[in-house]
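A.B. asks: Got a predicted model here, sequence first, then my questions.
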Amino acid sequence: EIDFTLITNGLSETTPYGIYWRADGKRVYITGGSRDTVIQYESTGSAFDIGALNFMKEFDVVNEETSPYDVLFTKDGNQMFIVGTQVDEINQYRLSQSWDVGTATYFTSHSVAGQEYNPYCIQMKPDYSEFYLGGGGSDNIQVYSMGNMIDSTPTTIIGDVSIDGANIDFKNTSNIKISS
């Protein structure tokens, strides 16, 4: 259990939902319902020491998601993904400095409303080929084949989709192929 009163600099999320540890255990990122942000902490003790956290930075995601439930990073820390229950999409951010949420900028979103209208959690296959999305709307784990989504080059989407402006709605399928 995190005792937020022990965190150096004290900034905390009173209703934490999502947590992501960097692989070395020296940084942790928390999302939740009270701040609509991603909060970045540094472990000042040993790796993965949740009792020795120091607040570093906070990144506001309220323009894209007012109820963020989970946060995910690419293994190099250059991209961040947020899911939540208000807009039912995967929000993608680029970080100009790896693992530093203070340098994050919104990049794009990927609607999942056709399959999951209450997304709570997200995981990524290590080779970036698929996202796994869970939630309370469909009571299933949805699998999205994301191909080159991690790359910044334009993509062509093949599958049962609806495109409305910048919004992409994946329709009743878990096998979407994206290629450049």
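C.D. replies: Arrived safely.
A.B. asks: tell me the contacts of the residue nearest to S109 when sequence neighbours are not counted?
C.D. replies: In space, and not counting its chain neighbours, S109 is closest to E89: 4.4 Å by Cβ to Cβ, 6 or more residues apart in numbering. The way it works is simple: take the backbone N, C-alpha and C, and place the C-beta from them, glycine included. Contact analysis of E89 by Cβ atoms under 8 Å, 6 or more residues apart in numbering lists 64-65, 83, 109-113, 119, 167.
A.B. asks: can I get the residues you listed in TSV with secondary structure and distance to P126?
C.D. replies: Shown next, in TSV, are the contacts of E89 (DSSP: H, G, I helix; E, B strand; the rest coil; distance: Cβ to Cβ, whole Å):
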residue	secondary structure	distance to P126
E64	coil	25
E65	coil	25
V83	strand	19
S109	strand	23
H110	strand	19
S111	strand	25
V112	coil	21
A113	coil	27
P119	strand	21
N167	strand	28
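A.B. asks: Near the nearest residue to A52 once chain neighbours are set aside, how many other residues are there?
C.D. replies: The shortest distance from A52 to any non-neighbouring residue, by Cβ to Cβ, 6+ apart, is to G45 (3.2 Å). As a burial measure, G45 scores 13 neighbours (other Cβ atoms under 10 Å).
A.B. asks: Quick check: phi and psi on V101?
C.D. replies: Dihedral pair for V101: phi -60, psi -20, per degrees, to the nearest 10.
A.B. asks: okay but it is in contact with L95, surely?
C.D. replies: Yes: contact status for V101 versus L95: in contact at 7.1 Å, counting by Cβ atoms under 8 Å.
A.B. asks: related to what we said a few turns ago, where neighbours are concerned, which of the contacts of E89 has the most?
C.D. replies: Result: V83 is most packed of the contacts of E89 (other Cβ under 10 Å), 31 neighbours.
A.B. asks: Any regions of this protein where pLDDT drops low?
C.D. replies: Within the chain, the stretches with pLDDT under 70 are 1-11, 146-180.
A.B. asks: So F107, which state does it fall into?
C.D. replies: strand (DSSP: H, G, I helix; E, B strand; the rest coil).
A.B. asks: Quick check: it touching Y93?
C.D. replies: Yes: the criterion here is Cβ under 8 Å, and F107 meets it with Y93 at 5.8 Å.
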